[in-house]
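Peer 1: Got a predicted model here, sequence first, then my questions.
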Amino acid sequence: MRLGVFGGSFDPPHVGHLLAASDACEELGLDRLFFVPAAAQPLKEGRQAAPPGHRLAMVHLAVDGDPRFSVAPDEIDREGLSYTVDTLAGFADRFPEAERYFLLGADAFAGLGQWRQPERIARLARLAVLQRRGDAAAPPPAGVPASAVVRLHTRRVDVSSTEIRERVGAGRPIRGFVSDAVADYIAAVGLYRQGKA
């Protein structure tokens, strides 16, 4: 079994996340891909985010209906700061026989040396770096062998969670940036409006 783990804030999850996940499933031949919303990311402390429960609900809505995708609440259930090494250790315990891949963007990979136990992360799962064609490839950090890294060429999708939050705050539409179900949820709950997370 080939298993993918895709972590992030998903604040909110958007079409770029879904396309990257779909590309990874095809390129790596994944049987299943888990989206893992972070409770609180250590390198993003201090940034206001939508509450974890709302982000988890939006990820469920975003992936609903695609049998390749599942949602794992591991980091939100664990609470506190979300460390990838702990999450991947949990997946290794649950799926010891699986060939595991951890999906991360090129920017995140470039900063992997600042993460907790990057060498152990690379032992728990191969690092599938989502990289746009033509972008420079950052080398792996010290202690992470090149053989632990696979580079996936993804399409260029110019949409970001930051832009979506800003559009909502400014009262602009977000249909097409996120699934209709996620857009409806954001509107119903009142997320990202001025003065709210």
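Peer 2: Structure's in. What do you need? Residues are numbered from 1 along each chain as shown.
Peer 1: residues touching the closest residue to Ala38 other than its chain neighbours, list them.
Peer 2: Nearest in space to Ala38, with sequence neighbours left out and distances taken as CB to CB, 6 or more residues apart in numbering, is Ser82 at 4.0 Å. All C-beta atoms are positioned from the backbone trio N, CA, C, and that covers glycine. Listed by CB atoms under 8 Å, 6 or more residues apart in numbering, the contact partners of Ser82 are Gly7, Ala38, Ala39, Ala40, Gln41, Pro42, Glu75.
Peer 1: Quick check: nearest residue in space to the fourth one, chain neighbours excluded?
Peer 2: With sequence-adjacent residues excluded and distances taken as CB to CB, 6+ apart, Ala40 is closest to Leu81, at 5.3 Å.
Peer 1: close enough to count as contact, the one you found and Gln41?
Peer 2: Yes. In this structure Leu81 lies within contact range of Gln41 using CB atoms under 8 Å: 7.4 Å.
Peer 1: how far is the longest helix along the chain from where the chain is centred?
Peer 2: Using DSSP state H, we find that the single longest helix of the chain is helix 15-28. Its chain's C-alpha centre and that of helix 15-28 lie 11 Å apart, by CA atoms, centre = their mean, to the nearest Å.
Peer 1: Could you do stretch 77-92 as well?
Peer 2: If you compare the mean C-alpha spot of stretch 77-92 with that of the full chain, they lie 13 Å apart, counting by CA atoms, centre = their mean.
Peer 1: Now the terminal residues of it, how far apart.
Peer 2: 18 Å (CA to CA, to the nearest Å).
Peer 1: Cool, thanks, talk later.
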